[in-house]
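model the following, please.
(chains A, B, C and D, ligands or ions: 4)
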Amino acid sequence: MTKKPKIGIFGLTSCAGDQLAILNCEDELLTIADAFDILDWEMAKTNNDKVTELDIAFVEGVVAQTRDLEALQAIRKRSKLLVAIGTCAVWGGVAAMKNQIPREILKKEVYGEEINVVDSVEALPVRSFVKTDILLPGCPIEKEQFLQIAASLLHGDLPELLNFSVCSECKMRENACLVVEKGEICCGALTVSGCNARCPSHNIPCGGCHGPIEEVHYDANYTMFAQRGITKEEIQTKMSNFAAPAWMGQKLLSEIK
Amino acid sequence: MDKDRKIVVPHLGRVEGHGGIDVEIEKGDISKVNMEIFEGSRFYEVLIIGKKYSEISSIVSRVCGICSAGHTLTSQMATENAFQIKITQRTEFLRGLLLHGEAIESHALHLGCLVLPDLLGYDGPLSMAKDYPKEVTIALNLKKLGNKIQELIGGRAIHPINAVVGGFGKCPSKTQLEQLKIELQKGLEMSDAIVDLFSKIKLPDFNFKEGIYSALLPKEERYSYLGDYIYTSDGITRPISEFRKVCHEKVVAHSTAKQSLYNNQPFMVGALARININHKYLTGKAKEALDKLFPILPSHNPLHINYAQAVELVHSIERSIQLIKFLFEIGFEHEEPVQFEVFASKGVGAIEVPRGTLYHYYEFNDKGEVVEADIITPTAQNLANVEKNMREAVKTLMQGPLNTLQSSLENIARAYDPCISCATHLVRIKFK
Amino acid sequence: MTPQHTLLDYSSKARVQNVMLPQLARLVRVIPMVQDNYLFLFRFEDPHLNETFVYKPGQFVELTIIGTGEAPISISSTPTRKGVLEMCVRRMGRVTNALYNLPENSFVGIRGPYGNGYPVEDMKGHDVLIVAGGLGMAPLRSLLNYILDNRNQFGRLILMYGTKTPDDVLFRDELESLTRRGDLECLLAVEQAYQYPGAHPWRGKIGLVTDLFQYAKNIDVPNTIAAICGPPIFYKFVLEKLLKMNFSKDHILMSLERRMECGVGKCGHCAIGYKYTCIDGPIFTYWDVINMPELIEF
Amino acid sequence: MKILKLPKANFQKFLLSLKNYGEVHIPKKKSEESYVFAPMEDPSEVALEYLRTIIPPKKYFFKPKESIFHYGDGNHFNEHIEDIDKKIVLFGLHPCDIHGLKILDIVFGTGYIDKYYFARRRNVLIIGLSCMPDERCFCRSMGTDATEDGFDLFLSELKNSYLVTVGSSQGDDITNDLKDLLGEITKKDTNEYLKIRNERKKRFKLQLDISDLPYILELQRESEVWDDLGKKCLCCGSCSMVCPTCSCFNVYDNLSLDTKKGERIRQWDSCLFKDYAVVAGGHNFRANRADRVRNRYYHKQHGFVTQFGKPSCTGCGRCIQYCPTQIHVVEVFNKIRGEE
Ligand SMILES: Cc1cc2nc3c(=O)[nH]c(=O)nc-3n(C[C@H](O)[C@H](O)[C@H](O)COP(=O)(O)OP(=O)(O)OC[C@H]3O[C@@H](n4cnc5c(N)ncnc54)[C@H](O)[C@@H]3O)c2cc1C
Ligand code: SF4
Ligand code: SF4
Ligand code: SF4
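Ligands and ions are numbered 1, 2, ... in the order given. This next block holds a predicted model:
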């Protein structure tokens, strides 16, 4: 690209962690600001341009209220390319963990009986509503992957991320397998790589925060855990923490009930 | 200005989260000042019901990306409180470091990337960098330092993974800590520059009245973000288990964030509240910074939150260096998280995170699954106070030009650094 | 059988030319042929290399688009015409797309040539039947021109090339002019000669590529080598035809495609059993192909 | 062949002295059941009881992820070979791992030569160490339970000493330098060695008959054993990562934000991964898990045998230990042989 791409960075309902992850590129931030024409980024600047057509929109968060959906549709309309950043935008994230519970009940639990002003809908990822061109999962996104994607886009290529599970990265870092040695519930074999196996490298089982790999082998995972006396329910509650809609698509959570 | 006026600022840029200040001025009088929150609800207190004790902290961490370390640790402390787990000294030091890392990152981000551009008339750090490359670089480097600590201790700068109930998955190595110490020493000089810069900037005073402040009392005779007792500036000290007496939560119609009141009064938590209550414990360079920035204490000007953060920035760096020394003293043997028994119980955890006191409360069944939870974030506690300060400011400012009024209100709201996502986004002003 | 390795052996192997390192080249011209199938012309920056880069028809190179990545691409030009490397590239994904966006005169990287190429030495003295379908013409063009440039070393030469429409014919001008040559039977067919106003009129046949066999009379099967390349469905019918004509499975040459990351038999991706498409291929006899599991279903 | 004796009392000194020849890497304990090769900080860290490390020594020569060249500084592709000048003494390789390296020597040294591998191979001294098999070792079946070459020194453990076999001229230099630590072997030592050797032979629990295995595999291509494996295998790739002879890789570019400077990366890959055999346009030559698992086994015991006359499995047992779903190579082949 010869001209600076015009970009916007947006957050729907989320913890702002992915936008913060971009702000955390301290060494590259000024280069990013130089290479892209950042028109709209509420988290980092005032006076945001809300109308100009964008080459790329980065969107974080889930659609958890009608306001989010309106914002998302407006973003999609003005952007040529939409990059979903973060596990919320890609898979629903924690907010989608208990989509099976009706929102009315959730509202009552948290806000009490009498209040009924809260605008809340079933929390679903960005790609459930609009076309997403690039998916960058991660809770939060990994800085290196973001920079790699940004450089690819600047170069005019559609970025491509490797698609294998945390296990392989975990092995490359030469960690002792937590399933094999300690019988822990580790979501590594289900979860897409990118984090360089952060958790297992700290002796902590993977919680699945990057969301599932393309081809998850549920049965083999169950067998693996069953061999170690771990029940389906235990695995499913753990799996559902970050990408519940993906698992629910597999009709797994409904099996518990 | 006695006409009905209406201005809409749907989003206030440069605050983490979504929100607006909704101010209505009717016939020269304030009819409404509301912090309106646009953030969708995520119902954390419900999400964790049925989850095992080991999974909670990584879920609630997602309340807020900016104080994720704070949420993680508060959650773990509440769990430990419930199961009567006693953590080791090394864990205590490491947790301290992690919290200071978060404070450094958060304060540097707020001061350098949000407040300074505001005060110097830029729309953000990126545009400010063209004229003030040195200042922006210092801020970014301090922010990076904070992140480095979090990355090293927490395993990740945002949503730490290494901290677990009972300890840590992996302890940093000697060489890693040595390296960090060198960088902290450099950071100390940089933070001096920030204090210097702020001491030259005069912040307006809109005649704020004396407020109520609340903060944790340090366990020992030193400035700290940890404590077992809550002190409110009316002179009462309560154990953290009585946190509901301090922050009585109420749901307000205009916001998905709950607001907290103390004795039906708004109150303040956060850096300024801490400085007002605990400043006597400051030592070293932080004390020098305090003397430079706060000739009079306590301060009732919410804009001084920025000064307070600058003081804490220095303190956190100094204390981190000290903690590393302690860690060296106790050595580097591998230490597994503490083993414990699970039983039906309740527990509270409280930590002074950058924006104020954070409370987590859980009730567990005998399998260690959550049956009830309550999370009270600092921003929720501060919201009512922000509104109160705004009312005060509007009174003083109403006669002035409209854009001054608007930007002043935004400045006040921003001073609180309302990480809205954790409670809730920011300012919309309507003049009716 | 196992080589004995010594320090000397290691250090000599550590000193070889680095096969993973591309040579700098320039994209000198882009010639659009059919939609998303352009001909790209390259020259090495090092003028010496343009002379010394020796390759065989059917070999390929690993082409680097700087900043994007690498892809294996067959050389479409013939080694008998030195100076430029021509590659016929189909726009498929990341790398090929970036090539299409690359302005003329840009730098690229090329390493190779790799693969076995057509066994032209062994083919000498034989009649050659080239059968191409659709984009399969790209690798065969090198062979065709090589034979034409060494015409007297080969026997009878027949080219059969079929596409869907005249707009899909690769190297159309070049091939159409070849139909006038007396020493080549150049048979072209399209399934549909639908022509829009202003289009170049189609002078070839209409029908499937297999229909062209009727025009090539008296093929001396035992003395003929068939080189074929095209989409899976093409193979199904052409192979059927050739076998019926009693072509030996050893005399049918096919070109295979696999995912490749290195081109030099190390990365493993193109391995089928013990054969590596990149070093043992991409040209295989039909007999080889039958013996390779997981082959493309024809 | 020169064979000397190192009394155990001198062993720590011996290890320490190795520092003169490069950075010493030794097996260290990583967790309850796992070991790794890592730099020696103190000779007491050496885990002499270890049987297999998580990742085999291949990591020193063929790195999990490495930058192979850079571009953007002028119009060149600048060769980049990590650790090109780093001298390492790799202590403690068991015979199977030495064979593993010998197999990689073939892979990277036949036909086109992989400069990266050999640039590092020449800088690493290999010191072997004898072992006592556990229930996962089947090197004896693979013919890799002993080795006559592929090392500079090889230590065979006796009760109070080690026999030190000198395997290269560099190894000889070391024994000359350290002659104060070493002694002559005696008849008694030989007898002791033989006794241990016979004892070791008896300890092998696991056996795999590889005679005419390629042919059986040819017959069993459509066996339901593969489908069953496909149902059980996670396709996580752990077995490939830990295998001393698995050497597939991916190549891709990392570009810097200025879009001019960049580097080419190569990174370990596995034929078990879904995208391994996907070609442009999306066709996947091994779309089924069963096909991919089968491919790995065929490559080890069929493809490589046909190509180089021996299997590319060393019987180290790593894939058995580290497969999270307990897929067991030997059991798989025994099933295929109908010998369950
Ligand atoms: C011997 C040989 C000769 C060839 N000759 C020609 C020719 O003359 N002309 C021609 O047009 N084509 C030719 N091809 C085909 C050509 O190589 C492919 O079309 C080309 O590789 C497409 O590359 P791409 O990056 O544009 O496509 P993509 O579809 O983007 O990538 C190509 C392949 O790489 C894989 N891939 C890339 N990146 C990743 C990743 N990050 N993770 C997982 N998988 C990834 C894809 O799955 C796919 O298999 C030849 C192929 C071979 C093997
Ligand atoms: S190991 Fe799993 S939970 Fe941990 S960071 Fe990686 S994907 Fe997230
Ligand atoms: S296949 Fe398994 S036993 Fe054989 S060498 Fe590889 S890891 Fe070792
Ligand atoms: S380690 Fe086991 S589960 Fe993982 S790919 Fe290998 S055989 Fe399959």
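
let me see the domain layout of chain A.
According to automatic domain parsing, chain A comprises the domains A:6-154, A:166-247.

tell me which of these sits nearest to chain C.
Closest approach to chain C among those (C-beta to the nearest C-beta): domain A:6-154, 8.0 Å. (Glycine included, C-beta is placed from N, CA and C.)

any bit of that closest one sitting next to ligand 1?
No - applying C-beta under 6 Å from any ligand atom, one finds domain A:6-154 separated from ligand 1 by no less than 10.7 Å.

may I have the distance across that domain, first residue to last?
11 Å (C-alpha to C-alpha, to the nearest Å).

low-confidence ranges, chain C, go.
Within chain C, the ranges that satisfy pLDDT under 70 run C:1-5, C:294-298.

anything in the longest strand along it near chain A?
Determined from DSSP state E, the single longest strand within chain C is strand C:23-34. No - using C-beta under 8 Å from any C-beta of the partner chain, strand C:23-34 stays clear of chain A, coming no nearer than 15.2 Å.

contacts for that strand next, please.
Under the contact criterion C-beta atoms under 8 Å, 6 or more residues apart in numbering or on different chains, strand C:23-34 has outside partners C:38-46, C:49, C:84-85, C:88, C:99, C:102-111, C:167-172, D:75-77.

cutoff 7 Å now
Around strand C:23-34, the neighbours that count as contacts under C-beta atoms under 7 Å, 6 or more residues apart in numbering or on different chains are C:38-46, C:49, C:84, C:102, C:104-111, C:167-168, C:170-171, D:75-77.

distance check, the closest residue to chain C within chain B against ligand 3.
For chain B, the residue closest to chain C is B:L126, as judged by C-beta to the nearest C-beta, at 24.9 Å. According to C-beta to the nearest ligand atom, to the nearest Å, B:L126 and ligand 3 sit 51 Å apart.

now do the contacts for that residue.
By C-beta under 7 Å, 6+ apart, the residues touching B:L126 are A:A33, A:I38, A:A44, A:K45.

closest to A:V83 among these?
Nearest to A:V83, judged by C-beta to C-beta, of those is A:I38 at 13.9 Å.

quick check: beta-bridge partners of the closest one?
Beta bridges link A:I38 to A:I7, judged by DSSP bridges.

got JSON lines for the domains of chain A, with distance to ligand 2, mean neighbour count and mean pLDDT too?
Below are these laid out as JSON lines (distance: least, C-beta to the nearest ligand atom, whole Å; neighbours: other C-beta atoms under 10 Å in any protein chain shown; pLDDT from 0 to 100):
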{"stretch": "domain A:6-154", "distance to ligand 2": "6", "mean neighbour count": "22", "mean pLDDT": "87"}
{"stretch": "domain A:166-247", "distance to ligand 2": "3", "mean neighbour count": "21", "mean pLDDT": "90"}
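
adding distance to D:R337, write the ones you listed out as a markdown table.
Below are the domains of chain A laid out as a markdown table (distance: least, C-beta to C-beta, whole Å):
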| stretch | distance to D:R337 |
| --- | --- |
| domain A:6-154 | 43 |
| domain A:166-247 | 24 |
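
for the ones you listed, which one sits closest to C:R15?
domain A:166-247 (28.9 Å).

do that closest one and chain B come into contact?
Yes - using C-beta under 7 Å from any C-beta of the partner chain, domain A:166-247 reaches chain B at A:R198, A:C199, A:H202, A:N203, A:I204, A:G207, A:T237, A:K238, A:N241.

name the nearest residue to the fourth one, ignoring sequence neighbours.
The one in question is A:N203. Among residues not flanking A:N203 along the chain, B:G169 sits closest, at 4.1 Å (C-beta to C-beta, 6 or more residues apart in numbering or on different chains).

what pLDDT does the one you found get?
For B:G169, the pLDDT comes out at 94.

what's the burial count for it?
If you count neighbours by other C-beta atoms under 10 Å in any protein chain shown, B:G169 ends up with 18.

for A:C139, see how far away it is.
B:G169 sits 18 Å away from A:C139, going by C-beta to C-beta, to the nearest Å.

same question, B:I351
According to C-beta to C-beta, B:I351 stands 22 Å off from A:C139.

B:Q176 too?
When B:Q176 is compared with A:C139 (using C-beta to C-beta), they lie 25 Å apart.

same check, this time on C:G133
49 Å.

how about the strands in the chain?
Assuming you mean chain A. Going by DSSP E, chain A shows strands at A:6-11, A:37-41, A:54-60, A:62-63, A:79-85, A:124-125, A:134-136.

not what I meant, chain D
Here chain D has its strands, by DSSP E, at D:3-7, D:23-29, D:35-39, D:65-72, D:74-79, D:88-93, D:124-129, D:153-157, D:161-166, D:249-255, D:262-268.
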